[in-house]
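Q: Can you look at this prediction? I've put the sequence above it.
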Amino acid sequence: MSKKMQSVKNYWDDRSELFSNYYMRPSLFDKIFRKGIYKRIAISIDCCKKIHNASVLDIGSGPGINSVNFIKNANASFVLGIDFSPNMVDHAKEFVKSEGVNDRCKFILGDALVYDFGDEKFDFIAALGVFDYISSPQELITRISILCENSFVISWPKNSLRMWLRRKRYTCSLFDYTYDQVLALHNKAGIKNENIEIISGKGGFITIARK
């Protein structure tokens, strides 16, 4: 693991409980300034719901909350979550047990860019809050496109005041994207313009790509 990715892992290892609270016990600050977090999962659930009994790969699955949402609110048949933070993976395994869906979820420790999935493919893939920390976005989106059978959703932060503030607070590297960069990354991954929907918000973009 590179030094940059190690710093990201360490950052989220220390904040697994905090990140979980963004979803489970959001503060007034979260509801006002982290609207993008809730918007991207709502869009992902809607996309996943359109696929009957979807198999899902949740990249950067964190504490498992999005994974449970795919099971309970999008009728996914199975979710494989992958995250490189041991604390996040442990949290996710306990959370799905408490929600009674551990028979339909599996969480693995690893990096989706290099993890050996064998011949496994997925109907739907979500990478939410992931590309903020990826120094080689083209490699990852290309891998996502190869692993995906139907559609995938990715969130992309913009260079904004919020990003500037995050860079002041965070101890790991952060990356931002423009509309044209997002489009080009999809194109190079083999996704044509007519199969890409780009939703723009204050904090960034959410893309829906269909195979």
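A: Perfect, thanks for sending it.
Q: what's residue 55 sitting at in phi/psi?
A: Backbone geometry at residue 55, expressed as degrees, to the nearest 10, gives phi -90, psi 130.
Q: Equivalent analysis for residue 168, please.
A: The phi/psi pair for residue 168 (degrees, to the nearest 10) is phi -70, psi -30.
Q: elements contacting the lengthiest helix in the chain?
A: Assignment by DSSP state H gives helix 35-49 as the longest helix of the chain. Applying 3 or more CB pairs under 8 Å, 6 or more residues apart in numbering; DSSP states H and E, one finds that helix 35-49 makes contact with helix 65-74, strand 122-127, strand 148-157, strand 204-210. For the C-beta atoms, the positions are set from N, CA and C on the backbone; glycine is no exception.
Q: ok now the last one, how far from the chain's centre?
A: In other words, strand 204-210. 11 Å (CA atoms, centre = their mean, to the nearest Å).
Q: in that strand, what counts as buried?
A: Burial within strand 204-210, assessed by neighbour count using 16 or more other CB atoms under 10 Å, is assigned to 204, 205, 206, 207, 208, 209.
Q: What pairs with it, parallel or antiparallel?
A: Strand pairing for strand 204-210, using DSSP bridges, gives strand 148-157 (antiparallel), strand 196-200 (antiparallel).
Q: Output the below-cut-off pLDDT ranges for this protein.
A: For the chain, the stretches flagged by pLDDT under 70 are 1-36.
Q: Alright, that wraps it up for me.
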